[in-house]
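Engineer: below are the sequence and a predicted model for it; my questions follow.
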Amino acid sequence: MRAFWIALLGCSLMTAGAQAADLSAGKAAFEKFTCASCHGADAKTPIQPAYPILAGQHQDYLAHALVAYQRGQKGEPASANVRKNAVMGAMASQLSAADIVNISAWLSSLPTSLHVR
């Protein structure tokens, strides 16, 4: 039962964070941290085919990925759900929690060809 309440609290905190997202701040942070240099100015025309299209991805997925890159950059153990990539780790380590919420919210709000809305 305790696990249920902890999960419920976590979900409500994530929802509160999603509601507090500032889309214009997300776009500004995307530009400030030069995300476009790899993922394209529109976040859907990456410079390499192996780089992901970010526009239209789910906000929680994007936020989770950025935090996982931060963990990987810190050298946390694999059990901490990390992603290891030298470039993305260095970029993500510069982001604050607010940057992550705002960038992921802005990216998820963009039109995309990944799926039909």
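Structural biologist: Looks like it came in fine.
Engineer: what's in contact with whatever helix or strand residue 108 lives in?
Structural biologist: Taking DSSP states H and E as the criterion, residue 108 maps to helix 97-109. By CB atoms under 8 Å, 6 or more residues apart in numbering, the residues outside helix 97-109 that reach it are 17-18, 20-27, 29-30, 33, 35, 43, 54-60, 62-63, 66-67, 95. Bear in mind the C-beta positions are built from the backbone N, C-alpha and C, glycine included.
Engineer: just the buried subset of those residues, please.
Structural biologist: Among those, those buried by neighbour count (16 or more other CB atoms under 10 Å) are 17, 21, 25-27, 29-30, 35, 43, 54-57, 59, 62-63, 66-67, 95.
Engineer: next SSE downstream of the helix or strand bottoming out on mean pLDDT in the chain?
Structural biologist: Taking mean pLDDT, DSSP states H and E as the measure, helix 2-19 is the helix or strand of the chain with the lowest mean score, a mean of 56. Remark: after helix 2-19, the chain's next helix or strand is helix 23-32, criterion DSSP H and E.
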